[in-house]
Each structure stands twice: as C-alpha cells, then as structure tokens.
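S.K.: Predicted structure and sequence below. I'll ask about it afterward.
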Amino acid sequence: MENASELFSEFAERAMAIAPVWIYLSVVMASFVENLFPLFPGDLVTVLAAALAVLDHVSPVGVFVAAYVGSVGSTMILYGFGRRYGRAYLERRRFAMIPQRRIEKLERMIARYGAWAIVANRFVVGARTLIVLLAGIGRWPAGRMFLWSSVSLTLFNSLLIWGTYAALGNVALVRGFLETYQTIVWILLGAAVGAFMASRLARRRATVNQERPHDKESMPL
C-alpha cells in the first residue's frame, strides 16, 4: 500500500503540471480505444482524471463529456462496421477464438431484450465490442443504437466518475481500487492470451485429426 501511495502522490504531482485540455483529450482517446481493444484500460484513465477533478485541476463534467465522446464515437464506428460488413467479419481469423455458441447467445439476448441489452452492454465486461458488432449485423436502427448506447454510457460513466469523485474522501479506498483494477486488467489479459493459444491449438489438432482418416483412405492397398 505504501508503494501505491507513493505512486498516487507522484501521479498527482506530475498530472497537475499538465494542461487540463490534454487530460480531457487523453480521456477521449482512452475511451475511444477501449471499445476497439477491450483489454485497454480506458476506464482507469477516466478514474485517474476523476481523481484530478477532486484536486480542482479539471472539471468532473468535463471528464464525463470527454469519456462519453470517446466511447460513443467508437461504439458507432463498431456498429457501422458490423452493419456494413455483416457476419463475414466475425468469421475472420481475428474472431476465431470466440465460440459460436457465445455469439449465438448474445444474438438471442439482443433479439429478446432489445434496447435493454444495449443499455446493459457497457456493464458487460468482455462482451462490449461483440454486442455492438452484433447489433450492427442485426441491422438495428442507427438512431435507436445511438440513443440507447448514450443511455448506457451515461449511466456507466456517471457511476465511474462520480463514484470515484465521492470515494476520494477515503483516499486509501481509491488507492486500493486502482491496485485491484490494474490487477484485474492483467489477469484478463493473461486469460485472453491463454484462451487464444488454447483455441489455436485445439483448431490445429482438429485439423490434423480430420486429415489423418483422409490420408489413410487415399493410401493404395
């Protein structure tokens, strides 16, 4: 905890020397990138910016707007990508690690719950990007997608920013949260890499097993 305290104090000291406009732009970019690359810790950047709001270096409303702009921008880009390129995009190698049953489950969820599924999207860790793509593939109306995504982002960012803003009354709690958040991010990153490697290995073994009977049948007697 002492190391975390020193890091937190050092961060605050250095960040206070940065012009607020650059902090807002950092939040915009981090929130934008996080939707495209889910393991990127964009929420952590928002939390740190909210911490600076307590020190009156930036405005909590400005941090909220920056996080919203970045998130909604990449959300609509992903939606448009899914709407334009369809299911073929999901079948490319970059999504080979995602089980088909999971994709079908999310599609059923969107079909059943509609707007509620989009509102809950921001709170579903590990499936945000896929849900938005599937909404685009399902050709959800763009206006409804923007509206309900905005509701989702407003709820999530409000809880994240104002929750951090309020919790800074207990600095030890916030420091513990930042440590825990960072640990969770690294665990998820390791799990994702492990799942990817396991998926590739399983697919390779399945291919080999399919080829072996064929080779035996083709051998001359």
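M.R.: Everything's here; your move. Residues are numbered from 1 along each chain as shown.

S.K.: shaky segments in this structure?
M.R.: 1-9, 11, 89-100, 102, 125-126, 168-186, 188-193, 195-196, 199-200, 208-221 (pLDDT under 70).

S.K.: where along the chain do the strands fall?
M.R.: Applying DSSP state E to the chain gives no strands.

S.K.: And the helices in it?
M.R.: Taking DSSP state H as the criterion, the chain carries its helices at 2-15, 20-36, 42-54, 60-85, 100-113, 115-121, 128-137, 142-167, 171-218.

S.K.: Can you name the residues in contact with the shortest one?
M.R.: If I follow you right, that is helix 115-121. Here helix 115-121 makes contact (C-beta atoms under 8 Å, 6 or more residues apart in numbering) with 109-110, 113, 127-128, 131-132, 135, 140, 144-145, 148-149, 151-152, 155. Every C-beta, even on glycine, is put in place using the N, C-alpha and C of the backbone.

S.K.: could you flag which of those are buried?
M.R.: Using 16 or more other C-beta atoms under 10 Å as the burial test, the contacts of helix 115-121 include M109, I110, A127, R128, I131, V132, A135, W140, M145, W148, S149, S152 as buried.

S.K.: For the residues you listed, give me CSV that also has distance to A166.
M.R.: Formatted as CSV, these follow (distance: C-beta to C-beta, whole Å):
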residue, distance to A166
M109, 32
I110, 33
A127, 28
R128, 25
I131, 29
V132, 29
A135, 32
W140, 35
M145, 31
W148, 27
S149, 25
S152, 21
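
S.K.: from the residues you listed, which is closest to S71?
M.R.: Comparing the buried ones among the contacts of helix 115-121 against S71 with C-beta to C-beta places S149 closest, at 8.2 Å.

S.K.: residue contacts, the closest one?
M.R.: So S149 contacts V72, T75, M76, Y79, I118, N121, R122, V132 (C-beta under 8 Å, 6+ apart).

S.K.: Just give me the neighbour total for G194.
M.R.: G194 is flanked by 10 other residues according to other C-beta atoms under 10 Å.

S.K.: Next: N121.
M.R.: N121, neighbours per other C-beta under 10 Å, totals 24.

S.K.: quick one: the closest residue to Y113 other than its chain neighbours from V151, how far?
M.R.: Ranked by C-beta to C-beta, 6 or more residues apart in numbering and with sequence neighbours excluded, the top spatial neighbour of Y113 is A120, at 7.7 Å. Separation of A120 from V151 (C-beta to C-beta, to the nearest Å): 10 Å.
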